[in-house]
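*Asks:* need coordinates for the below:
(2 chains)
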There are 2 protein chains.
Amino acid sequence: MPLMLRKMKRVTMGHGAGGEMMHELVAKHIAPFLPSFPAEVPLTSFDDSAVVDGIVFTTDAHTVTPLFFPGGDIGSLAVCGTVNDIAVLGARPMAMSCAMVLEEGLEIEILERVMRSIGEYSAKTRVPVVTGDTKVMERGAIDKMVITTSAIGRRSDHLDGNLEVASKHRRVVSRWLTDDNLADGDEVIVSGNLGEHGVALLSFREGYGFESEVRSDIAPLTGLIDDILRIGGAVSMKDPTRGGLANTLNEWSSKSRVGIEVNEIEIPVSQPVRNACELLGLDPLTIGNEGKLVVAVVPQMAERVLEEMRKSPLGKDARIIGRATSRFNRVILRTEVGGRRILEPPVGDPVPRIC
Amino acid sequence: MPLMLRKMKRVTMGHGAGGEMMHELVAKHIAPFLPSFPAEVPLTSFDDSAVVDGIVFTTDAHTVTPLFFPGGDIGSLAVCGTVNDIAVLGARPMAMSCAMVLEEGLEIEILERVMRSIGEYSAKTRVPVVTGDTKVMERGAIDKMVITTSAIGRRSDHLDGNLEVASKHRRVVSRWLTDDNLADGDEVIVSGNLGEHGVALLSFREGYGFESEVRSDIAPLTGLIDDILRIGGAVSMKDPTRGGLANTLNEWSSKSRVGIEVNEIEIPVSQPVRNACELLGLDPLTIGNEGKLVVAVVPQMAERVLEEMRKSPLGKDARIIGRATSRFNRVILRTEVGGRRILEPPVGDPVPRIC
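*Replies:* Residues are numbered from 1 along each chain as shown, chains lettered A, B, ... in the order given. Model (predicted):
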């Protein structure tokens, strides 16, 4: 009992993991103190981005360790994570901010390597860093560096057309691709193999040996999202970062008040990630990704969207993994052996500090 | 020589201090790696905020220690610092983001105290927190918490009118209250007593005993700035945070390519801050403030603006401290004893981690 009490009163690693514990921390100890103001997509939606007066706005603090890892680094992670959060709402990212907290004694060469990566991904995504801040904490007061990127964006030119296509087939609730926009029958598409970012980091960090085969999937999703919106029919999108696909599907299910049924056999996971997860006792569906997209599409357009996604290198392994249903209100996984189980949102995260 | 070399290759506390060293770090090791895109007020202006497509955008990482101090805490600091950076450009802050990195083991009660303060200042400034992020780093990997706030804003309704008034008297270059907007003859007004934030923190932290008399001046400047814009004639504004007034005046001087002459005797500094600075060998002109405003006004409007500022509690001690001049291109201080000396921008900061 005293242990429980102590546990309740202090922040734990699980509180930063993007799962149930973090949601509880935010819902109980953070959000209630913030006055609410009307907004198109307000804080209380806890969506990937907010929308205020037509401006899409998001922020992410990046604490990944180590700073450099197979497939990426804290710089590419910061740019892609933030740009993707804007894009999945159906917006075009316009500009980023970059606030860095550096540890006294950090090699300038490391800082420059990170900046080069930020610059490279800024050029690649055509999203400029327009404002920033630099602070230094004394040696030992921070582990090397934390980078917080925020971004602003505007409604994508293709979002209205996309929603119009969807509206031909059923009533669409939100003007943005928010988490509450799914309805019975919508098909769920995953853009590619899951679990790579988390497994690559964990393996590299601990030297498990999978790091030669598994690299982080860090990538900007703006191009792929544009392609989908041009086809039309998407009602919601998410990038399954912390908490993985399990978290994404549960957020959709609870906010849209629909059930979601997915087939394990359809969920793309590469063999090396499968092997690593088996060895380490991890579930690839709860592991964070940084370059994958989950899309909910009205059923009439699902095949067309899938086909279009597969034309892109980032979507070549895309699969329809399941659909929304009004028959129940949970996320149900049809397992490979033919059973059915509830797919819960993860409580904490099996792999800390992956983003 | 080896010491020098080592020093050059690593980040030091001075690199985060807002003075010459930070400017050099940013100019040499950060900005060159970022591709430049056209913007109304781009990154390369290094102004308080950027302007992209009519949206004013800024970010600040807050690393203050301790978290609570006389006159404020990391929460009020985060809100006011960011809101003020938007407002001094001549904009109305619309929304904030709040990304927190917490240390594992942090008491939830402390987190809630900080959140309550953020909420209070969000309500006071009427700027909602619309989006956020929460990360946790393991015990020892971060000193309690870092809060990064970003904000967006739109052109103030009164900015065009204000600039029109200024334009009656001379050609005004920028459409925003940017650092490059001063010209020969502009009067410089300071809104009140300088040095309070830095001295309050330092004294409280080290137990020097001034903390009973000196409290941080943390305050949102939005109301005071609105009052000034309604009168008209302001061409630039800054909040003299890290690096203090010395840094503010030098930024103006170098970016506007004018000299600035200020009279030490006119610069408002309270007696306790004076005493503390004397004892500790600090210069109040290089110490950070968090609720003060420095305004450059066309000379014909300076008295009117001053009068208006003095009606507000935040401006009651406002003074005209000097003026811009084309006779030289440095910042010159006329000392109290009648001498003249160059007021250099500070190299580092005498007081680390005050914001």
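*Asks:* enumerate every residue touching residue A:131.
*Replies:* Applying C-beta atoms under 8 Å, 6 or more residues apart in numbering or on different chains to residue A:131 gives the contacts A:95, A:97, A:98, B:43, B:49, B:50, B:57, B:58, B:59. All C-beta spots, glycine's among them, are computed from the backbone N, C-alpha and C.
*Asks:* check contacts around the fifth one.
*Replies:* Contacts for residue B:49 were tallied using C-beta under 8 Å, 6+ apart; they are A:131, B:41, B:56, B:57, B:58, B:85, B:86, B:88, B:89, B:91, B:153.
*Asks:* repeat the analysis, applying 6 Å as the threshold.
*Replies:* Taking C-beta atoms under 6 Å, 6 or more residues apart in numbering or on different chains as the criterion, residue B:49 is in contact with B:56, B:58, B:85, B:86, B:89.
*Asks:* ok, back up a step: among the contacts of residue A:131, name the least confidently predicted one.
*Replies:* Lowest pLDDT of those: residue B:43, 92.
*Asks:* how much space between that residue and residue A:128?
*Replies:* Distance, residue B:43 to residue A:128, by C-beta to C-beta, to the nearest Å: 7 Å.
*Asks:* equivalent analysis for residue A:325, please.
*Replies:* 43 Å.
*Asks:* between the two, which has more neighbouring residues?
*Replies:* Between residue A:325 and residue A:128, residue A:128 has the larger neighbour count (other C-beta atoms under 10 Å in any protein chain shown), namely 22 against 18.
*Asks:* name the element the closest residue to the more buried one other than its chain neighbours belongs to?
*Replies:* Leaving out its chain neighbours, the residue that sits closest to residue A:128 by C-beta to C-beta, 6 or more residues apart in numbering or on different chains is residue B:37, at 3.7 Å. According to DSSP states H and E, residue B:37 maps onto no helix or strand at all.
*Asks:* just checking, residue B:37 touches residue A:127?
*Replies:* No: using C-beta atoms under 6 Å, residue B:37 makes no contact with residue A:127, being 8.5 Å away.
*Asks:* of those two, which one has the most company?
*Replies:* residue A:127 (27 against 17).
*Asks:* touching, the more buried one and residue A:85? I think so.
*Replies:* No: using C-beta under 6 Å as the test, residue A:127 is too far from residue A:85 to be in contact (11.8 Å).
*Asks:* any idea how far the residue of the stretch 251-355 of chain A found nearest chain B lies from residue A:198?
*Replies:* Taking C-beta to the nearest C-beta as the measure, the stretch 251-355 of chain A has residue A:353 as its residue closest to chain B, at 6.8 Å. From residue A:353 over to residue A:198 the distance is 11 Å, taken as C-beta to C-beta.
*Asks:* neighbour count winner among those two?
*Replies:* Each of residue A:353 and residue A:198 has its neighbours counted (other C-beta under 10 Å); residue A:198 has more, 30 against 21.
*Asks:* right, and the more buried one touches residue A:290 too?
*Replies:* No: Residue A:198 lies out of contact with residue A:290 (C-beta under 6 Å); the separation is 9.0 Å.
*Asks:* where exactly do the helices run in the stretch 101-250 of chain A?
*Replies:* Using DSSP state H, counting those that start in this stretch, the helices of the stretch 101-250 of chain A run over A:108-125, A:159-169, A:196-206, A:222-231, A:244-256.
*Asks:* of the contacts of residue B:49 - the most surrounded one?
*Replies:* Counting by other C-beta under 10 Å, top hit in the contacts of residue B:49: residue B:58 with 33 neighbours.
*Asks:* okay, and for chain A, where does confidence drop off?
*Replies:* A:1-8 (pLDDT under 70).
*Asks:* remind me, longest strand of it?
*Replies:* Assignment by DSSP state E gives strand A:91-103 as the longest strand of chain A.
*Asks:* contacts for it next, please.
*Replies:* Counting by C-beta under 6 Å, 6+ apart, A:56, A:83, A:86, A:127-136, A:142, A:144-156, B:11, B:52, B:59, B:61, B:63, B:146, B:148, B:150 sit against strand A:91-103.
*Asks:* and what of stretch A:238-250?
*Replies:* A:18-19, A:84, A:88, A:194, A:260, A:285-289, A:292, A:294, A:331, A:343, A:345-346.
*Asks:* ok, now stretch A:53-64?
*Replies:* With C-beta under 6 Å, 6+ apart, stretch A:53-64 has contacts from A:49-50, A:74, A:77-78, A:81-82, A:85-86, A:89, A:91, A:146-153, A:353, A:355, B:97, B:99, B:101, B:131, B:133, B:135, B:137, B:150, B:152.
*Asks:* now it - C-alpha only, CSV.
*Replies:* C-alpha atoms of stretch A:53-64 as CSV (Å, rounded to 0.1, in the frame of the first residue of the first chain):
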residue,chain,number,x,y,z
ASP,A,53,-8.7,29.9,-36.7
GLY,A,54,-7.7,27.7,-39.7
ILE,A,55,-4.1,27.2,-38.5
VAL,A,56,-3.0,23.7,-37.7
PHE,A,57,-0.5,23.7,-34.8
THR,A,58,1.5,20.9,-33.1
THR,A,59,4.5,20.3,-30.8
ASP,A,60,6.8,17.4,-29.9
ALA,A,61,9.6,17.1,-27.4
HIS,A,62,12.3,14.6,-28.5
THR,A,63,14.4,12.8,-25.9
VAL,A,64,15.5,9.8,-28.0
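*Asks:* any idea where the strands of chain A begin and end?
*Replies:* A:50-52, A:55-62, A:68-69, A:72-73, A:91-103, A:129-137, A:145-155, A:187-190, A:234-238, A:259-263, A:294-297, A:319-325, A:331-334, A:340-342.
*Asks:* TSV for these, including distance to residue A:224?
*Replies:* Output for the strands of chain A, formatted as TSV (distance: least, C-beta to C-beta, whole Å):
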stretch	distance to residue A:224
strand A:50-52	21
strand A:55-62	18
strand A:68-69	23
strand A:72-73	17
strand A:91-103	14
strand A:129-137	23
strand A:145-155	16
strand A:187-190	11
strand A:234-238	10
strand A:259-263	20
strand A:294-297	9
strand A:319-325	14
strand A:331-334	24
strand A:340-342	30
